[in-house]
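Student: Let me see the structure of the following:
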Amino acid sequence: MIRPGGHLEAGRGVLMGWRGVGLLLLMGSGCMADREVESVATLDLQLEQRLGSLDGELSLQPIRGITLSQGRGDTLFVVQAQTRSVWVLSAQGDSLGAIGRFGSGPGEFTGVGSVAVHQDTLWISDVNRVVSRFTADGQFIDQLRFPLDPLGEVESAPHFIAPLADGTLLFRSGYGPGSVAAGVLDRVANVRVNRAGEVLDTLMLQTVAGGSMAIRFADGARIMGLHPVDSSDRIALDPRGRWVVVASTARSDLTDTTATLTWVGIDGETLHEQTVHARSRPTSDARERFIDQLARGSSATLPWGALDRVVDEQVPWPSVLPPVTHLFADLDGRTWVATVHETAGSDRWFVFGEDGETLGSLVLPENVRLLAARGSTVWGWTTGAYDEPYLLRFSLGEM
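Tutor: As a prediction, this is how the structure comes out:
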């Protein structure tokens, strides 16, 4: 079992104080809505590798995101904060070099937004609204200029890409999963375009009448449904564009909090619901930590100007943090949800299957952020004694 409070030793050592991870298994199955996570069983999570150093070949900056190859093998593409290239690693963590360099020409980047892989094609978005296409071995093919904001008001950079099986591309034209959680964003759109860059339809999170917020599911101009959200909700999009999961705070006090997870299909229909419980984490020093993270570029899901708005207190700051701290969906259709654990300094990561069933739970130190998973391999990152970032590769026991 992981012993709560385990930590990462600085330097080239291994995880100290860790012996595994508790995996919670819900007894029973099915696709019922409004379920609650209860009973548990245990499985081990083993640290296989830690990458990165202050002066090594893979000298990392804070990591913005990780993309796993959907094609052959498990090549890993790492996007770092304030970077102008993409690190490429093998499934074993060996450095295979980098793709891209600074510039405005073919195959060059002003700032990398996100990476996606479909079959043997690699797509890399730039903050200047250009998406470059590469071969699997990093050879430049061509570029696609991302369209204007679907509402026609502002230009928006693509920060998430999901190449779909029909040859179209799904772009997230906002600032990444979970960005609405800071209360600094009123609209983010997931836009499906063809290879010519023409908008086909839109999955949109936007402000609606009365100042409330909702996810709008639209097919062209036809609105298929609305799903209400709050400024503290966290949102993740299935990498294959099939559904969205919303984590909302159902109840919160100074001791305990409850979150409701809702899986919503692209037609706006609710697919599944789950309820998870967490300990409240007071925000006595959270605001200061948050500002520091933004200043160091380690919270890449927030839009430009977020730091100023938080510092100037334009963003309301709650007395306790939302129960769900991080959220992502992986290539196997699983959803990974981090909640505040009973032990100070720890997070509990719940893992859910495609039908919303609970597969298990992992207890990790709160400074370990999981970012991607496929099969039994889980990737994440953490920081050392001097805030230097490290990339982590884990192996997960059978679920």
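
Student: tell me the mean pLDDT over the strand or helix carrying L327?
Tutor: Taking DSSP states H and E as the definition, one finds L327 inside strand 324-329. For strand 324-329, the mean pLDDT works out to 83.

Student: any weak-confidence spans in the stretch 51-200 of the chain?
Tutor: 53-66, 69-73, 81-83, 118-119, 146-167, 171-191, 195-199 (pLDDT under 70).

Student: on that earlier part again, could you identify the helix or strand that succeeds the strand holding L327?
Tutor: Following strand 324-329 toward the C-terminus (DSSP H and E): strand 335-340.

Student: strands paired with that following strand, and their directions?
Tutor: Strand 335-340 sits in its sheet next to strand 324-329 (antiparallel), strand 346-352 (antiparallel), going by DSSP bridges.

Student: looking at it, H341 is touching R279, isn't it?
Tutor: Yes. If you go by CB atoms under 8 Å, H341 and R279 touch, sitting 6.5 Å apart. For the C-beta atoms, the positions are set from N, CA and C on the backbone; glycine is no exception.

Student: of the two, who's got more company?
Tutor: H341 (21 against 17; other CB atoms under 10 Å).

Student: can you count the residues close to the closest residue to that one other than its chain neighbours?
Tutor: Leaving aside its sequence neighbours, H341 sits nearest to R348 (CB to CB, 6 or more residues apart in numbering; 4.3 Å). R348: 26 surrounding residues under other CB under 10 Å.

Student: quick one: R348 and L359, what's the gap?
Tutor: 14 Å (CB to CB, to the nearest Å).

Student: which stretches of the stretch 1-150 of the chain form strands?
Tutor: 7-8, 15-16, 35-36, 45-51, 63-68, 76-80, 86-89, 95-99, 112-118, 121-126, 130-135, 140-145 (DSSP state E, counting those that start in this stretch).

Student: Would you mind measuring from F394 to G105?
Tutor: 38 Å.

Student: got it, and E342?
Tutor: 53 Å.

Student: between the two, who's got more neighbours?
Tutor: Neighbours per residue (other CB under 10 Å) separate E342 from G105, with E342 holding more: 12 against 9.

Student: Next up, the contacts around the closest residue to that one other than its chain neighbours.
Tutor: Excluding the flanking residues, the one nearest E342 by CB to CB, 6+ apart is R279, at 5.0 Å. When contacts are counted by CB atoms under 8 Å, 6 or more residues apart in numbering, R279 touches T255, D256, T257, V340, H341, E342.

Student: mind checking the SS state of the last one?
Tutor: Spelled out, that is E342. What DSSP: H, G, I helix; E, B strand; the rest coil gives for E342 is coil.

Student: Give me the phi and psi angles of it.
Tutor: When read as degrees, to the nearest 10, the backbone of E342 gives phi -60, psi -30.

Student: Give me the local confidence score for it.
Tutor: pLDDT, E342: 73.

Student: and W243, how far is that from R374?
Tutor: W243 is 18 Å from R374, by CB to CB.

Student: more neighbours, those two?
Tutor: W243 (22 against 17).

Student: so the more buried one touches D267, yeah?
Tutor: No. Judged on CB under 8 Å, W243 makes no contact with D267 at a distance of 9.7 Å.

Student: can you give me the helices in the stretch 251-399 of the chain?
Tutor: Remark: helices assigned in the stretch 251-399 of the chain by DSSP state H, counting those that start in this stretch are 286-295, 306-311.

Student: who does R348 bridge with?
Tutor: Bridge pairing for R348 - DSSP bridges - gives T339, V363.

Student: who's in contact with it?
Tutor: By CB under 8 Å, 6+ apart, the neighbours of R348 are A278, A338, T339, V340, H341, S361, L362, V363, L364.

Student: let's go with 6 Å and repeat that
Tutor: Residues in contact with R348 (CB atoms under 6 Å, 6 or more residues apart in numbering) are T339, H341, S361, V363.

Student: any idea how far A278 is from the first one?
Tutor: With distances defined as CB to CB, the gap from T339 to A278 amounts to 4 Å.

Student: Could you tell me which residues touch both of those two?
Tutor: Contacts common to T339 and A278, judged by CB under 6 Å, 6+ apart, are P323.

Student: hmm, back to that, switch the strands paired with strand 335-340 over to JSON lines; also include distance to S248.
Tutor: Below are the strands paired with strand 335-340 laid out as JSON lines (distance: least, CB to CB, whole Å):
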{"stretch": "strand 324-329", "distance to S248": "8"}
{"stretch": "strand 346-352", "distance to S248": "15"}
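
Student: And those: which comes nearest Q49?
Tutor: strand 346-352 (19.2 Å; CB to CB).

Student: circling back: of the strands of the stretch 1-150 of the chain, which is nearest R234?
Tutor: strand 63-68 (15.4 Å).

Student: Show me the two of the contacts of R279 that sit farthest apart.
Tutor: Longest span within the contacts of R279, CB to CB: T255 and H341, 13.7 Å.

Student: Count the neighbours of D332 for me.
Tutor: Neighbours around D332, by other CB under 10 Å: 11.

Student: what's near enough to touch it?
Tutor: Contacts of D332 (CB under 6 Å, 6+ apart): none.

Student: Distance check, it against L261.
Tutor: For D332 relative to L261 (CB to CB), the value is 17 Å.

Student: now swap in G100 and tell me
Tutor: 36 Å.

Student: More neighbours: those two, which one.
Tutor: Shown here are G100 and L261; by other CB under 10 Å, L261 has more neighbours (25 against 19).

Student: What residues are recorded as beta-bridge partners of that one?
Tutor: With DSSP bridges as the rule, L261 is bridged to A247, Q274.
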